[in-house]
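# sequence plus the predicted model coming up.
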Amino acid sequence: MGWALAINKADISDAKLVDTRPQPLSDGQARLAIKRFALTANNITYAAFGAPMRYWDFFPAEDGSGRLPVWGFADVVESQASGLEVGERVYGYWPAADEVVLSVDAVKPGSFQDVSPHRRDLPGAYNRYVRCAGDPGYAPEREAAQMVLQPLFITSFLIDLHLRDHDFLGAGQITLTSASSKTALALAHLLHADHPDGVKIEALTSARNKAFVEKTGYYDVVSTYDEISGFKPVPRRLVVDFAGDSKVNTAIHETLSDSLVGNIRVGGAHWENSAPPGAMPGPKPVFFFAPDHVRDRMKAWGSEEFSRRYGAAWMSFVKAGESLFEEQELEGGAGALKAYDALIDGQFDAAAAMTIKLG
């Protein structure tokens, strides 16, 4: 008997561990034992947008609950898939559970695809799995950094490119909500490393996380949510919204109205207030969906050039993360449930890089 973390789709604060039975293999399938995965605010975004963004569709559950998607490492323990051998270490997108069965195709030295029928029309970026033995960037000592930071860094990397391509929409200040979240910090790292002329980088964060955000040195301005009502129309702001908080969005739009040049919605770290805020003054928030931007960049640059640019930026953030974050590890299903509940309750240390170890 195995286990999985089951999320109530109607109330994502309601999570529990459930027993699961091993699924028999068919030709072309492989069973992978999940060994390590990360839990961050990024996973809460998956849950908060589980239905509209189809995150629940990747790992459907017989009981109708949501299976939380996570990033991490697994080992092949049984294989009827040609070219994929028992004992291989694999990096990719899993359910928060002890194992998963994938339908394997397009096997290459460094990767393969899951082509399960229910995943065929879902974004391909989530269906690609990396064979660690064929990945020149893989190092066992960097597994924690890879699974905690890499899934969110790709989003930040793409937003940075998007902002620069559009000259920051003419903004004089870029405001990152939930500025202590790792996705926001990754974007702040990139902006700080190649600071745009005449544009300030502003953190919008809670009073509890203000000191941590200031300590990173990435932000020119650090503001707290209770200061929004005092925002001035100049410099004109471009909001990159990692919080997804309807109350915060309403406050920003009502305060700044048409002096706001744009609002790019990325995440839902503040899941409890993530319902659409309704009509607001100023520009309409626009959702940023990273897989679409990956596709467009690869088409424009080619996969080799994309990998080169992304890899250089990624390694820079990995190095920075060594001083920014402190690795913490919990064990098993009980540890996964404990970490998830802490994230949902907002009682998670911003400096923690949380991983779950299974077996």
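It's in.

# every contact and neighbour count from this point should use C-alpha atoms.
OK.

# residue ranges of each domain in this structure, please.
Here the chain is described, according to automatic domain parsing, as comprising the domains 2-138+326-357, 148-291.

# for this structure, which residues score under the pLDDT cut-off?
Low-confidence regions of the chain, defined by pLDDT under 70, span residues 267-278.

# could you pull out the helices for it?
With DSSP state H applied, the chain shows helices at 41-48, 143-165, 182-193, 210-216, 246-256, 290-301, 303-324, 332-344, listed in chain order.

# report the buried residues of the fifth one.
Buried positions in helix 246-256, judged by neighbour count with 16 or more other CA atoms under 10 Å: 246, 248-256.

# could you dump it to PDB, C-alpha only?
Output in PDB follows, covering the C-alpha atoms of helix 246-256 (Å, rounded to 0.1, in the frame of the first residue of the first chain):
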ATOM      1  CA  SER A 246      -7.600  40.200  -4.600                       C
ATOM      2  CA  LYS A 247      -7.500  42.600  -1.700                       C
ATOM      3  CA  VAL A 248      -4.000  43.700  -2.500                       C
ATOM      4  CA  ASN A 249      -4.800  44.100  -6.200                       C
ATOM      5  CA  THR A 250      -7.900  46.100  -5.400                       C
ATOM      6  CA  ALA A 251      -6.000  48.400  -3.100                       C
ATOM      7  CA  ILE A 252      -3.200  49.000  -5.600                       C
ATOM      8  CA  HIS A 253      -5.600  49.700  -8.500                       C
ATOM      9  CA  GLU A 254      -7.900  51.900  -6.400                       C
ATOM     10  CA  THR A 255      -4.900  53.900  -5.200                       C
ATOM     11  CA  LEU A 256      -3.000  54.200  -8.500                       C
END
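
# so what secondary structure elements neighbour that helix?
Packing partners of helix 246-256 (3 or more CA pairs under 8 Å, 6 or more residues apart in numbering; DSSP states H and E): none among the helices and strands.

# where's it relative to the chain centroid, distance-wise?
Offset of helix 246-256 from its chain centre (CA atoms, centre = their mean, to the nearest Å): 24 Å.

# now do the third one
Helix 182-193 sits 14 Å away from the centroid of its parent chain (CA atoms, centre = their mean).

# got the buried residues for that helix?
Quick answer for helix 182-193 (16+ other CA under 10 Å): 182-192.

# now the angle from that helix to helix 143-165?
Helix 182-193 and helix 143-165 meet at an angle of 60 degrees, taking axes from the mean of the first three to the mean of the last three CA atoms, to 10 degrees as the criterion.

# if you count contacts, what does helix 182-193 end up packed against?
Using 3+ CA pairs under 8 Å, 6+ apart as the contact criterion, the secondary-structure elements in contact with helix 182-193 are helix 143-165, strand 200-205, helix 303-324.

# do that again at 7 Å, thanks
Under the contact definition 3 or more CA pairs under 7 Å, 6 or more residues apart in numbering; DSSP states H and E, helix 182-193 sits against helix 143-165.

# what sits up against the helix it packs on?
The contact list for helix 143-165 (CA atoms under 7 Å, 6 or more residues apart in numbering) reads 37-38, 42, 71-72, 183, 186-187, 190-191, 290, 293, 318, 353, 355.

# list the buried ones in stretch 293-304?
In stretch 293-304, residues buried by neighbour count (16+ other CA under 10 Å) are 293-294, 297.

# format these as JSON lines; extra columns: distance to Gly282.
Below are the buried residues of stretch 293-304 laid out as JSON lines (distance: CA to CA, whole Å):
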{"residue": "His293", "distance to Gly282": "25"}
{"residue": "Val294", "distance to Gly282": "29"}
{"residue": "Arg297", "distance to Gly282": "29"}
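
# with those residues in mind, which one is nearest to Val240?
Proximity of the buried residues of stretch 293-304 to Val240 was ranked by CA to CA; the top entry is His293 with 15.9 Å.
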